[in-house]
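Student: sharing a sequence plus its predicted fold:
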Amino acid sequence: MHLYYLWRGTHHDHSLLEDAPGHLFLDHEYEDCVTLTYLALLFGWGIECGAPLSGKAAYIDHDGHAILFVVDGVQLADAKRLFRS
């Protein structure tokens, strides 16, 4: 958790996870979202991600299994490409 709080502190957020259990990433914060997702996979944390306006969502459990929710085949192909990279 120390690494998580260090990451969170780089964004000037010093609140406890219990008090602020989520993050809202803007388009220009893509790399930050990828970094947090990587940390979650590395340490076995469960996460839920969503982009309501685009109709995309993902759930990754503590074992690293993922469920992707997309609207169409184009979005699915994009998601597969991202996960492969």
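Tutor: Okay, I see it.
Student: point me to the helix or strand that includes residue 77.
Tutor: When secondary structure is defined by DSSP states H and E, residue 77 falls within helix 73-84.
Student: how much space separates the residue of the chain most remote from its centre from residue 56?
Tutor: For the chain, the C-alpha farthest from the mean C-alpha position belongs to residue 73; by C-alpha atoms, centre = their mean, that distance is 21.2 Å. The span separating residue 73 from residue 56 equals 13 Å under the rule C-beta to C-beta, to the nearest Å. Just so you know, the C-beta spots here come from the backbone N, C-alpha and C atoms, and that holds for glycine as well.
Student: so residue 33 makes contact with residue 25?
Tutor: Yes: between residue 33 and residue 25 there is a contact under C-beta atoms under 8 Å: 4.4 Å.
Student: and for the two, which residues touch both?
Tutor: By C-beta atoms under 8 Å, 6 or more residues apart in numbering, residue 33 and residue 25 have no common neighbours.
Student: which residues sit against the helix holding residue 77?
Tutor: Under C-beta under 8 Å, 6+ apart, the answer for helix 73-84 is 54, 55, 56, 58, 66, 68, 70.
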